[in-house]
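**Q** just the structure for this:
(3 chains)
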Amino acid sequence: MLEIVNVVGSGSLDAEFDLERVAADIGSIADYDPDKYPGMYLRFAEDAPLITVYRTGKYIVTGADSEAEAQAIRERFLDLLADNGMITAPDDEWFRIQNFVCTAELEEPLNLNALAIGLGLESTEYEPEQFPGLIYRPTGADSVVLLFASGRVVITGSPNLDEAEETFTALQEAVTDLLTVD
DNA sequence: TAACTAGCTTCTTATATAACAATGCATG
DNA sequence: CATGCATTGTTATATAAGAAGCTAGTTA
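**A** Here you go, the predicted model:
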């Protein structure tokens, strides 16, 4: 079973922003420091997802734990802009989820050295002195998997939930096969 | 020398290691 | 009161994606 821990989405508004002015108008929920980074950060509450807004009208939502939450934050953001007269047509834009980050549990300890060979050295990277997880890039998938000795797994880079689920299912089967072989 | 490309910055999130800093508590 | 050990806390390491803007390097 997958648990979504982070959702990243991006959209584009048909408008140019003077971020200095926008940040001043919006107030304390906005954080803009162009010397540090060209984007303006916007967070509705302390633990709420982060919206990064750019001069060009493009924006990113990060830190949501479901697609619905990302969409809800996006709508709240558009309402805020509309209420302040910063945009006129809140609907003529696209918004798409770009990355789902999920965690899952294989429910048994993993021998990462054996798994690096079993899954294929050409599609895995395992350097425990650099990072304790094994990095697995299944061929033909956008998703990248991080496997840990505890049996916990992180699946990231998935453009949709179906792919994340398929990646995990395929991984479960591959791991099961490898365990029954030896 | 200009134009282009590639790589880095910022942020989010789980995962797990080591290395370090800072503090708590006990013993001499 | 000082020293030693333990615990807690922070940072680094790595992964993906979006974005703008800067720098460094290559090429014509």
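**Q** let me see the domain layout of chain A.
**A** In the assignment given by automatic domain parsing, the structural domains of chain A cover A:7-97, A:106-177.
**Q** may I see those domains organised as a markdown table, with mean neighbour count and distance to A:M1 added?
**A** For glycine as for every other residue, the C-beta is placed from the backbone atoms N, C-alpha and C. As requested, the domains of chain A are arranged in a markdown table below (neighbours: other C-beta atoms under 10 Å; distance: least, C-beta to C-beta, whole Å):
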| stretch | mean neighbour count | distance to A:M1 |
| --- | --- | --- |
| domain A:7-97 | 15 | 15 |
| domain A:106-177 | 16 | 9 |
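**Q** with mean pLDDT as added columns, please give those domains in TSV.
**A** Supplementary listing: the domains of chain A in TSV, determined by pLDDT from 0 to 100:
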stretch	mean pLDDT
domain A:7-97	91
domain A:106-177	95
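**Q** turn the ones you listed into JSON lines, including distance to DNA strand B.
**A** As requested, the domains of chain A are arranged in JSON lines below (distance: least, C-beta to the nearest atom of the strand, whole Å):
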{"stretch": "domain A:7-97", "distance to DNA strand B": "3"}
{"stretch": "domain A:106-177", "distance to DNA strand B": "3"}
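**Q** so what does the longest helix along chain A touch, helix or strand wise?
**A** Among the segments of chain A that qualify as a helix by DSSP state H, the longest is helix A:161-181. With contacts defined as 3 or more C-beta pairs under 8 Å, 6 or more residues apart in numbering; DSSP states H and E, the packing partners of helix A:161-181 are strand A:94-105, helix A:112-119, strand A:152-158.
**Q** got the contact list for the residue of chain A found nearest DNA strand C?
**A** Among all residues of chain A, A:G157 sits closest to DNA strand C, at 2.9 Å; criterion: C-beta to the nearest atom of the strand. With contacts defined as C-beta atoms under 8 Å, 6 or more residues apart in numbering, the neighbours of A:G157 are A:N99, A:D142, A:S143, A:V144.
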